[in-house]
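Novice: I'll drop the sequence and a predicted model, then ask my questions.
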Amino acid sequence: MGLKIYHTADNELIEGCKKHDRHAQRFLYDHFAPKMHALCCRYIKDKMEAEDVLVTSFTKILDRIGQFKNEGSFEGWIKRIVVNESLSYLRRNKSMYLEMDIEAADREPDYERLDSQLEADDLLKLIAELPAGYKIVFNMYAIDGYSHKEIADQLGISENTSKSQLSRARVALQKALLESERGAKQEKSHEQQSGQAI
């Protein structure tokens, strides 16, 4: 029997996975795993733990593939399962603490002063350094597109807490961006001075 080649035609792939076709399952994993692994890493710092969550997520995706109703995007459906599994992991491991008492920043940093050359990777590193509660809400709202109501339901917090966490995450990110920018400028200036001294 010839090997069936799967393209990104979701319906054919979904049907193959429903029939437990190993080639379809492998294609599904190979096609979506890199992007979903990056998603796991945004929530879970430890790379090995993120990989464990990814594997568990795909096991659930393959078990529940019959529940996908062809409403909305298939990738969006996969993404929700991965986010839910990441949040479950954080809850189980008690590493999710929503910081409530950190004082608000004295002033909103000035975006105009950021002539930022930062790459997406640099920004993701800054997001990863946010306190856990800020990072989770920022990821869910700003990157993964959840509403404050959905975040509140998922995390067992109020919508106002979700909004407050997002606001504080943004202020913390802006400060980190300014510091990163300042550091890069100082380094460049130092390199120029060293070059002139030679």
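Specialist: Everything's here; your move.

Novice: Correct me if wrong: Phe68 contacts Arg80.
Specialist: No. With contact defined as C-beta atoms under 8 Å, Phe68 does not reach Arg80; the gap is 10.6 Å. No exception for glycine: its C-beta is placed from N, CA and C like everyone else's.

Novice: what about the two, which has more around it?
Specialist: Between Phe68 and Arg80, counted using other C-beta atoms under 10 Å, the more crowded position is Phe68 (17 against 14).

Novice: From Lys35, how far out is the more buried one?
Specialist: Shown here: Phe68 relative to Lys35, a distance of 17 Å by C-beta to C-beta, to the nearest Å.

Novice: Equivalent analysis for Gly66, please.
Specialist: 23 Å.

Novice: same deal with Lys149?
Specialist: For Lys149 relative to Lys35 (C-beta to C-beta), the value is 26 Å.

Novice: Remind me which helix or strand Ser88 belongs to.
Specialist: Using DSSP states H and E, Ser88 sits within helix 74-92.

Novice: got the contact list for that helix?
Specialist: 10, 14, 32, 35-36, 39-40, 43-44, 49, 52-54, 56-57, 60-61, 64, 68, 96, 132, 136, 140, 144, 146, 154-155 (C-beta atoms under 8 Å, 6 or more residues apart in numbering).

Novice: pLDDT below threshold where in this protein?
Specialist: Residues of the chain meeting the criterion pLDDT under 70: 1-8, 94-121, 190, 194-198.

Novice: again, only using 50
Specialist: Low-confidence segments of the chain, defined by pLDDT under 50: 1-3, 5-7, 99-117.

Novice: how does it divide into domains?
Specialist: The chain breaks down by automatic domain parsing into domains covering 10-92, 111-197.

Novice: quick one: the closest residue to Ile44 other than its chain neighbours and His20, what's the gap?
Specialist: Using C-beta to C-beta, 6 or more residues apart in numbering and skipping residues adjacent in sequence, the residue nearest Ile44 is Ala50, 4.4 Å away. Applying C-beta to C-beta, the value for Ala50 to His20 is 27 Å.
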